[in-house]
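Visitor: model the following, please.
(one chain, ligands or ions: 1)
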Amino acid sequence: MKTRDTSPHTQHLGQAPMYFDYAASTPVDGRVLQAMLPYFTQEFGNASNVLHNYGKNARRAVIRSLELIASSIGATAPDQIIVTPSATSANWLAMVSAGTAGSKPGHIITSPVEHSSVIAAARHLEKIGGAVTWLEVNSNGLVNTDQLKKEIRQDTALVSIGHVNNETGVCQDIESISHLCMDRGVTLHTDATQSFGKTGFRVDNALVSMATFSAHKIYGPIGIGCLYVRNNTATKISVPGDYSATANVPSLVGFATAAELTASMSTSEISRIKYISMEFLRDLHSRVDVQLNGSSTNRTWDILNLSIRNIDGADLARAAKIAISTGSACRTGSREPSPTLHAMGLDIDRCRSAVRVSFGRFTTATDAGAAVDEIQKVVSLLRD
Ligand code: PMP
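Guide: Now for the predicted structure:
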């Protein structure tokens, strides 16, 4: 079995099969881990208790981390960052706060290709009496912005459109969407979980009112994310009581270190991964009958959603000695066709054959070449 990269930043991971599921979760970067470690053993104080140095140091780390996260994503101040246990809860917070701000549940606009946590929040709002408009999506995975223009109403409380789709890598034109929302005075939330570090996304350039992030997609720890809220956003975020819980200092330090690294590396990382991923696709194309699902131009190249004709995606993912998935991690194991691919109008066979191959910081060109060999081998075996 092939081993993963042994750069100083991943040595702590030891031997493992080749990993092509970065969209599901990324390994913690060694630099992030090193930054976190002292906060488990030496600087373990409660950041709310600043009567002694343990607490004071923890408090300083919290303040510094919030500043770092804010500057890394393009926010102007740390108080625009609401720390959450995950991107899932940040999405919920944004949507449910906006949808329930009025005297009765309001109108929101979203799309069927959003992350399952956005869909769940929208369905919740529908259940409690809110109105949800689900935008149409074309076969490239892009939402219909003309329809968006028409569907914004007087009582629209929120538009929530994710930037990069977690299953396909398709990138929505968030700048146009944000201008449209600004012109109409509507709050725009975007789930930027798969976007930060994989595109040039920054909250200042994208001009969104709210944006969601997660540390474990950017080589930070699992279990921490945030919601960015621009000043003067109409939606008042109602934070449940336990958000005043004792600060998770090691995770916050990890998130901040990961965010800073990601922001500083993103330009070179994006082009390196794009090159590897395009080579992978070209090579795979020359060997098996494969189709790329989703736009080939409006996309990030770290996520490829691929259908190999007459091959069941789940069989391929199980049999191949590389870590890939069918659809999103949240749906792996489900026999239902992916709602995202379904909304794009792909036929059932193409949906069933879909696999997601995702690349990241520690993927090498050699790994990608070996993955093509492995996929070709398994496809031949499955066809026999
Ligand atoms: N949004 C997107 C686009 C994602 O890819 C994910 C993770 N699959 C999430 C939200 C949820 O992230 P978390 O695990 O931090 O809840």
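Visitor: for the ligand, tell me whether the longest helix along the chain is touching it.
Guide: When the chain is parsed with DSSP state H, its longest helix is helix 249-287. No: Helix 249-287 stays clear of the ligand (Cβ under 6 Å from any ligand atom), getting no nearer than 10.7 Å. Every residue, glycine included, has its C-beta placed from N, CA and C.
Visitor: so what pairs up with Leu158 in the strands?
Guide: Ile108 (DSSP bridges).
Visitor: now do the contacts for it.
Guide: Listed by Cβ atoms under 8 Å, 6 or more residues apart in numbering, the contact set of Leu158 reads Ala94, Met95, Ala98, Gly99, Gly106, Ile108, Ile109, Val186, Thr187, Leu188, His189, Thr235.
Visitor: repeat that for Asp349.
Guide: Arg309, Asn310.
Visitor: how much space between it and Trp92?
Guide: The gap separating Asp349 from Trp92 is 34 Å, by Cβ to Cβ, to the nearest Å.
Visitor: packing partners for the longest helix of the chain?
Guide: Under the contact definition 3 or more Cβ pairs under 8 Å, 6 or more residues apart in numbering; DSSP states H and E, helix 249-287 sits against helix 30-36, helix 38-41, helix 53-73, strand 290-292, strand 303-308, helix 365-383.
Visitor: do that again at 6 Å, thanks
Guide: Packed against helix 249-287 by the contact rule (3 or more Cβ pairs under 6 Å, 6 or more residues apart in numbering; DSSP states H and E) you find helix 30-36, helix 38-41, helix 53-73, helix 365-383.
Visitor: dump these into CSV; add mean neighbour count, distance to Asn165 and mean pLDDT as well.
Guide: Output for these, formatted as CSV (neighbours: other Cβ atoms under 10 Å; distance: least, Cβ to Cβ, whole Å; pLDDT from 0 to 100):
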stretch, mean neighbour count, distance to Asn165, mean pLDDT
helix 30-36, 19, 26, 98
helix 38-41, 14, 34, 97
helix 53-73, 19, 19, 97
helix 365-383, 17, 21, 96
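Visitor: how about these, which one is nearest the ligand?
Guide: Nearest to the ligand among the helices and strands packed on helix 249-287 is helix 53-73; the distance by Cβ to the nearest ligand atom comes to 14.3 Å.
Visitor: what residues does the closest one touch?
Guide: 43, 45-47, 49-50, 78, 81, 203, 247, 249, 252-253, 256, 259-260, 263 (Cβ atoms under 6 Å, 6 or more residues apart in numbering).
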